[in-house]
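# The amino acid sequence is not available; the structure is as follows:
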């Protein structure tokens, strides 16, 4: 397993991180067995993954609680990233949210504490002051954000250090390459990448948009007429599925599964610190692990980018996967 520096800190995190949202079950993930979740965390640790991402907002702390149980006796092997929700960004609420997360996680410190989404009704300076207080108290080790675009990120770096920005990034979602990644690179802010497999599209699981479940077919890849969509766009369904076939062909030439190639492409991109992979069972985790050791040639990387360029063009500059108008600014 490869390890990379977390922002400007001395913390070293695995290039593959385990995204723990599925452990919460609930509306988007359905029933989830806690024993499977705990076994998946243990399998990740055994494979060299030391970075685990969760949030208080994942089913009211359920994901945090399961992760906390899984790390009992193994906390020293793990770096935990969690998030404070956008409705908890007032000073007192940040402090309370952090205390609740510490309880859920059965730990006395959080390695990376992230603002989950911006809240433009709360002064960012107020939130930052609370985060600095938590850091001074030793309750958090590093400050990061999630879903911050250029305007909010620029304001943040004028107020505080920021080690990471967690954003959707992958072959089918390259929106951040236009404006956000260059700013992150300028300020040495590492990218933590979520949805690198486009919620299963780059596993080859779906052959047409109609096969995608409603809970997933609500992003801006899909037409706004899909059942749970919260945007007003026509989507880019034809471009997405044409790109998938091109990526599939390139992966066959590489001699690796499409998902492995897609993950390897993301981890090779500039500014990327860690790539989140989701798994609900140890077997599912094992499908993602080969990407840690796959290194694509520059030529293959360029071929993959060319295959997905039409999707990038269609999605424009809105980095919000789900909504219009964008919640990111």
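On my side now, so go ahead. Computed from a prediction, not measured in an experiment: that's the story for all the values here. Numbers count the residues shown, from 1 in each chain.

# Distance from the helix or strand bottoming out on mean pLDDT in the chain to the middle of the chain?
Scoring the helices and strands of the chain by mean pLDDT, DSSP states H and E places helix 26-29 at the bottom, with a mean of 80. Taking C-alpha atoms, centre = their mean, to the nearest Å, one finds the center of helix 26-29 at 17 Å from the center of the full chain.

# now do stretch 231-249
21 Å.

# Could you do stretch 303-319 as well?
19 Å.

# Stretch 319-329 now?
16 Å.

# now swap in stretch 152-169 and tell me
Distance, centroid of stretch 152-169 to centroid of chain: 15 Å (C-alpha atoms, centre = their mean).

# From start to finish, how long is that stretch in a straight line?
Its start and end residues considered, stretch 152-169 measures 18 Å (C-alpha to C-alpha, to the nearest Å).

# For this protein, which segments count as strands?
3-5, 12-14, 16-19, 51-53, 79-84, 110-115, 140-146, 164-168, 190-194, 272-278 (DSSP state E).

# Can you say which of the ones you listed is nearest to residue 287?
strand 272-278 (8.8 Å; C-beta to C-beta). To be clear about C-beta, it is placed using only N, CA and C from the backbone, and glycine gets the same treatment.

# who touches the closest one?
Strand 272-278 is contacted from outside by 4-7, 13-19, 21-22, 51, 53, 164, 166, 169, 190-197, 263, 266-267, 284-285, 288, 291, using C-beta atoms under 8 Å, 6 or more residues apart in numbering.

# for the stretch 1-150 of the chain, which spans come out with low pLDDT?
The model of the stretch 1-150 of the chain has no residue with pLDDT under 70.

# again, only this time at 80
27-28 (pLDDT under 80).

# show me where it has helices.
Per DSSP state H, counting those that start in this stretch, the stretch 1-150 of the chain carries helices over the ranges 26-29, 34-46, 62-70, 91-105, 124-136, 150-159.

# Quick one: those as CSV, columns for distance to residue 185 too.
Converted to CSV, those look like this (distance: least, C-beta to C-beta, whole Å):
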stretch, distance to residue 185
helix 26-29, 32
helix 34-46, 28
helix 62-70, 30
helix 91-105, 28
helix 124-136, 21
helix 150-159, 12
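
# Return the most buried member of those.
A comparison of these by mean neighbour count, using mean count of other C-beta atoms under 10 Å, puts helix 62-70 on top with a mean of 24.

# Who are the packing partners of that one?
helix 34-46, helix 91-105 (3 or more C-beta pairs under 8 Å, 6 or more residues apart in numbering; DSSP states H and E).

# hmm, back to that, using PyMOL, define a selection of the buried residues within the contacts of strand 272-278.
Here is the PyMOL command that selects the buried residues among the contacts of strand 272-278 (16 or more other C-beta atoms under 10 Å):
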select buried, resi 4+6+7+13+14+15+16+17+18+19+21+22+51+53+164+166+169+190+191+192+193+194+195+196+197+263+266+267+285+288+291
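
# So what would you say the end-to-end distance of stretch 268-281 is?
26 Å.

# Ok, stretch 265-283 next?
22 Å.

# same thing with stretch 164-179?
With C-alpha to C-alpha, one end of stretch 164-179 sits 16 Å from the other.

# Kindly report the same for stretch 315-324.
So stretch 315-324: terminal residues 12 Å apart, C-alpha to C-alpha.

# which one is residue 154 nearest to, not counting chain neighbours?
Of all residues not flanking residue 154 in the chain, residue 183 sits nearest, at 6.9 Å (C-beta to C-beta, 6 or more residues apart in numbering).

# looking at it, that neighbour is touching residue 150, isn't it?
Yes: using C-beta atoms under 8 Å, residue 183 is in contact with residue 150, at 5.6 Å.

# circling back to that earlier point, what residues does the residue nearest to residue 154 make contact with?
150, 153, 154, 189 are the contacts of residue 183 under C-beta under 8 Å, 6+ apart.

# Next: residue 234.
Per C-beta under 8 Å, 6+ apart, neighbours of residue 234: 223, 224.

# For residue 61, see how far away the residue nearest to the spatial centre of the chain is.
Nearest to the geometric centre of the chain sits residue 194, at 2.5 Å (C-alpha atoms, centre = their mean). Distance, residue 194 to residue 61, by C-beta to C-beta, to the nearest Å: 19 Å.

# if we can go back for a sec, quick one: the closest residue to the residue nearest to the centre of the chain other than its chain neighbours and residue 131, what's the gap?
Spatially, and ignoring its direct neighbours in sequence, residue 194 is nearest to residue 276 (4.7 Å; C-beta to C-beta, 6+ apart). Going from residue 276 to residue 131 by C-beta to C-beta gives 22 Å.

# now residue 295
Taken as C-beta to C-beta, the span from residue 295 to residue 131 is 36 Å.

# Reformat the helices and strands packed on helix 62-70 as CSV; add distance to residue 257.
Below are those laid out as CSV (distance: least, C-beta to C-beta, whole Å):
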stretch, distance to residue 257
helix 34-46, 19
helix 91-105, 33
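
# that older thread, for residue 310, find the nearest of the strands of the chain.
strand 164-168 (18.0 Å).

# partners of the closest one in the sheet?
strand 140-146 (parallel), strand 190-194 (parallel) (DSSP bridges).
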